[in-house]
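Peer 1: mind looking at a prediction? Sequence and model below.
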Amino acid sequence: MGRYQKTIFLDRDGTVNEDVGYLSRPEDLYIFPFVKEALSLFNSNGFRLMVVTNQSGIGRGVYDESALHAIHAKMQKELDNAIDAFYFCPHLPDTGCECRKPNLGMIEAAKKDHPIDMSGSWVVGDKDIDVELGLNCGLRTVLVETGYGRSHSGILRRRPERIAANLLEAARYITNRNKPTLPKSSSRRTMSSSPK
Ligand SMILES: [Mg+2]
Ligand SMILES: [Zn+2]
């Protein structure tokens with residue numbers, strides 16, 4: 001049994017890779033150059049990494065699940081298997097499914113599959129629905145300005161905790177926030193009592 005672990009729920013298109021619109025072939029996957037560094041920063045600070053992505057292109061018949069899995073396999077290869085799990089919603093927006101962001105189905109599924117420390121977990125994405133997803137399940141949120149982020153930062157109904165230029169800036173912010181703060185009073189006492 002694994003211990004409860006803080007997790008970064010990562011949007012995919014526009015956050016990890018360029019949003020090309022219904023990405024349907026591995027050869028059209030362009031991972032942003034800063035992502036590897038961002039993910040290793042998360043890893044070295046004890047975060048699990050899980051992708052949560054709306055993929056209505058499947059419901060629309062633009063591509064099928066095997067194409068999606070081939071894209072994720074290529075992503076894992078390029079990122080040295082840094083992603084611990086992928087969750088996707090294949091449904092059309094108007095079907096009222098529970099999994100399409102900002103609904104909570106993918107997070108609920110992740111919680112069934114993995115012991116997750118929700119109080120230390122975050123959602124990072126480029127759209128208002130990513131911010132809404134995080135806020136809807138009580139997680140802290142960062143909006144990145146890659147993908148749709150720059151335009152969506154102006155239409156947000158609810159604010160994320162932070163707006164970051166990209167995933168690496170988000171990782172720096174989050175890993176700094178989660179560091180334990182030094183007890184200032186005791187360190188001051190030690191300094192003042194040390195002989196000069
Ligand atoms: Mg996105
Ligand atoms: Zn769905």
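Peer 2: Great, that's in hand. Residues are numbered from 1 along each chain as shown. Ligands and ions are numbered 1, 2, ... in the order given.
Peer 1: and the longest strand for the protein?
Peer 2: Criterion DSSP state E: the longest strand present in the chain is strand 48-54.
Peer 1: can you list contacts of that one?
Peer 2: For strand 48-54, the external contacting residues (Cβ atoms under 8 Å, 6 or more residues apart in numbering) are 5-13, 16, 39, 42-43, 72, 82-89, 100-101, 106-107, 110, 114, 116, 123, 129, 133. Using the backbone N, CA and C atoms, a C-beta is placed for each residue, glycine as well.
Peer 1: mind listing the strands for this protein?
Peer 2: Counting by DSSP E, the strands of the chain are 7-10, 48-54, 85-89, 122-125, 140-144, 162-164.
Peer 1: pLDDT averaged over the longest strand of the chain - what is it?
Peer 2: Averaged over strand 48-54, pLDDT sits at 98.
Peer 1: that one and ligand 2, are they touching?
Peer 2: No: Strand 48-54 lies out of reach of ligand 2 by Cβ under 5 Å from the ion, never closer than 7.7 Å.
Peer 1: how about residue 84: what's its closest non-neighbour residue?
Peer 2: Closest residue to residue 84 apart from its sequence neighbours, by Cβ to Cβ, 6 or more residues apart in numbering: residue 48 at 4.7 Å.
Peer 1: quick one on the thing from earlier: near ligand 1, from the contacts of strand 48-54?
Peer 2: Contacts with ligand 1 within the contacts of strand 48-54, as defined by Cβ under 5 Å from the ion: 11, 13.
Peer 1: need phi/psi at the residue lying closest to residue 60 once chain neighbours are set aside.
Peer 2: Nearest non-adjacent residue to residue 60, counting by Cβ to Cβ, 6+ apart: residue 92, 6.6 Å away. When quoted as degrees, to the nearest 10, the phi and psi of residue 92 stand at phi -70, psi 150.
Peer 1: burial count for whichever residue of the chain sits closest to ligand 1?
Peer 2: Relative to ligand 1, the nearest point of the chain is residue 14 (3.5 Å; Cβ to the ion). Applying other Cβ atoms under 10 Å, we find 21 residues neighbouring residue 14.
Peer 1: contacts only, for the residue nearest to residue 60.
Peer 2: So residue 92 contacts 56, 59-60 (Cβ under 8 Å, 6+ apart).
Peer 1: separate out the buried members of those residues.
Peer 2: Neighbour counting with 16 or more other Cβ atoms under 10 Å marks 56, 59 as buried within the contacts of residue 92.
Peer 1: and the residue lying closest to residue 146 once chain neighbours are set aside, how many neighbours?
Peer 2: Nearest residue to residue 146, sequence neighbours excluded (Cβ to Cβ, 6+ apart): residue 166, at 5.0 Å. Using other Cβ under 10 Å, residue 166 is surrounded by 19 other residues.
Peer 1: from ligand 2, how far off is residue 166?
Peer 2: From residue 166 across to ligand 2, the span is 27 Å (Cβ to the ion, to the nearest Å).
Peer 1: tell me the phi and psi of that residue?
Peer 2: phi -160, psi -180.
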